[in-house]
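Visitor: Sequence first, predicted model second:
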Amino acid sequence: MTRTLVTGGSGLIGGALIAELIANRQEVVALARSDQAAQAVRARGAQVARGDVSDQRAVSDAAQGCELVYHVAGINTLCAPDPALMLRTNVDGAAIVTRAAAQAGVRRLIHTSSAAAVGEAQGTVGREDSPHRGSYLSVYERSKHLSERAVLDAARATDLDVVFVNPASVQGPGRASGTGKLLIAFLDGRLRVFIDTTISIVDLSDCVQGHVLAAERGAPGARYLLCGATLAITEAFELARRIAGVSGRPLVVPPAVARGGAVIVELGARLLRRTPPICREMVETMLHGHRYDGSRAARELGLTYTPVEETLRRTIDWAAAQGLMHNRSRA
């Protein structure tokens, strides 16, 4: 039986990954830095190893006897209240996990990066080998790009086998933050204005399968973008509206209005000492838009993508069942 360590197992991707690995009869150890995280991963059926990605000894101890390490842990948000913490966790933490995995004699590390790390130029399709534009839209994007460099540097120094998995926006049951939160707010009638943008989506189950297949079949040092569909935001909202059986659509505002609104909201939140729901880096990310090519994972790993209609349907059904849509009901 393969013994595997998962970091970030209390999160959306990590939790689903633990469930899949256990279903495949792997022995799973999950790193947990809090009682709440320990309870969550234990409920998934994993063994708990207490520790944090900032503690190399704790990670190395947890990885003892493991053949694989899936490093999923990280801070995934825009408008981060503490950018320095995000950089320490996503960049320094990734290097620490890499060194710890090598120290424990792990065969392969699968690093959960992000499609945003590609840094494609505006208006182009992001691919694994796309040249980076040389600037960052957000602290999050910067942290994921730098984390790949940190992992590569640490892996070269230790000869550890590393594979990178770069998911687009992950959607599916359980996604109530990020773009999932925006989708729910739209269907609930709370999202009245939005920005003209393009989004790329991958189903949660496909994201998990992409990780598993990368561990089994990925080329050493390779990147694999996971993206099942790319849609204009108006298409995405229209499709979600038809699935949920609701009416209405948000007003699309010009870029100048969006940027000005973000500045005002940020300043107001700062005065109230709160995290802003909208900020300049969020607006710039949306105005840039994202189009990703997920064909390499299909071609080389054998990943099959779920139709986007099914992904949105399962996400909406879950949100409705959880009582997250108060103002609109399914038709």
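Guide: Nice, thanks for sending it over. In this text, all values refer to a predicted model and were calculated from it rather than measured experimentally.
Visitor: name the helices or strands packed onto the longest helix along the chain?
Guide: In the chain, with assignment by DSSP state H, the single longest helix is helix 139-158. On a contact count with 3 or more CB pairs under 8 Å, 6 or more residues apart in numbering; DSSP states H and E, helix 139-158 meets helix 83-87, helix 93-103, strand 108-112, strand 161-167, helix 280-288. No exception for glycine: its C-beta is placed from N, CA and C like everyone else's.
Visitor: Only the buried residues of that helix, if you could.
Guide: For helix 139-158, a neighbour-count test (16 or more other CB atoms under 10 Å) marks 139-148, 150-152, 154-155 as buried.
Visitor: cool, and stretch 59-72?
Guide: Under 16+ other CB under 10 Å, the buried positions of stretch 59-72 are V59, S60, D61, A62, A63, C66, E67, L68, V69, Y70, H71, V72.
Visitor: Output the longest helix of the chain as PDB, nothing but the C-alphas.
Guide: Listed next in PDB are the C-alpha coordinates belonging to helix 139-158 (Å, rounded to 0.1, in the frame of the first residue of the first chain):
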ATOM      1  CA  VAL A 139       0.300  39.300  -4.700                       C
ATOM      2  CA  TYR A 140      -1.300  35.900  -5.100                       C
ATOM      3  CA  GLU A 141      -0.100  35.500  -8.700                       C
ATOM      4  CA  ARG A 142       3.400  36.600  -7.600                       C
ATOM      5  CA  SER A 143       3.400  34.100  -4.800                       C
ATOM      6  CA  LYS A 144       2.500  31.200  -7.000                       C
ATOM      7  CA  HIS A 145       5.000  32.100  -9.700                       C
ATOM      8  CA  LEU A 146       7.800  32.500  -7.100                       C
ATOM      9  CA  SER A 147       6.700  29.300  -5.300                       C
ATOM     10  CA  GLU A 148       7.500  27.300  -8.500                       C
ATOM     11  CA  ARG A 149      10.900  28.800  -8.600                       C
ATOM     12  CA  ALA A 150      11.500  28.100  -5.000                       C
ATOM     13  CA  VAL A 151      10.400  24.400  -5.400                       C
ATOM     14  CA  LEU A 152      12.600  24.000  -8.500                       C
ATOM     15  CA  ASP A 153      15.700  25.500  -6.700                       C
ATOM     16  CA  ALA A 154      15.200  23.300  -3.700                       C
ATOM     17  CA  ALA A 155      14.500  20.200  -5.800                       C
ATOM     18  CA  ARG A 156      17.700  20.800  -7.900                       C
ATOM     19  CA  ALA A 157      19.700  21.000  -4.700                       C
ATOM     20  CA  THR A 158      18.300  17.700  -3.500                       C
END
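Visitor: sorry, back to before: between the buried residues of helix 139-158, which is nearest G174?
Guide: Y140 (19.8 Å; CB to CB).
Visitor: Touching, that closest one and G74? I think so.
Guide: No: with contact defined as CB atoms under 8 Å, Y140 does not reach G74; the gap is 9.2 Å.
Visitor: got any residues that touch both of those two?
Guide: N90 (CB atoms under 8 Å, 6 or more residues apart in numbering).
Visitor: Need the distance between the two termini of stretch 179-197.
Guide: 12 Å (CA to CA, to the nearest Å).
Visitor: TSV for the helices and strands packed on helix 139-158, including distance to V202, mean neighbour count and mean pLDDT?
Guide: TSV is the format used below for the helices and strands packed on helix 139-158 (distance: least, CB to CB, whole Å; neighbours: other CB atoms under 10 Å; pLDDT from 0 to 100):
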stretch	distance to V202	mean neighbour count	mean pLDDT
helix 83-87	22	15	96
helix 93-103	21	25	97
strand 108-112	12	25	98
strand 161-167	5	24	98
helix 280-288	17	20	93
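Visitor: any chance of those in a markdown table, plus distance to G119?
Guide: Converted to a markdown table, the helices and strands packed on helix 139-158 look like this (distance: least, CB to CB, whole Å):
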| stretch | distance to G119 |
| --- | --- |
| helix 83-87 | 16 |
| helix 93-103 | 17 |
| strand 108-112 | 17 |
| strand 161-167 | 11 |
| helix 280-288 | 10 |
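Visitor: Can you say which of these is nearest to L17?
Guide: Using CB to CB, the helices and strands packed on helix 139-158 put strand 108-112 closest to L17, at 8.8 Å.
Visitor: and that closest one, how far out from the chain's middle?
Guide: Strand 108-112 sits 14 Å away from the centroid of its parent chain (CA atoms, centre = their mean, to the nearest Å).
Visitor: do the same with stretch 93-100
Guide: Offset of stretch 93-100 from its chain centre (CA atoms, centre = their mean): 19 Å.
Visitor: And the contacts of that stretch?
Guide: With contact meaning CB under 8 Å, 6+ apart, stretch 93-100 is reached by 7, 53-57, 59-60, 63, 69, 71, 73-74, 109, 111, 147, 150-151, 153-155, 157-158, 160, 162.
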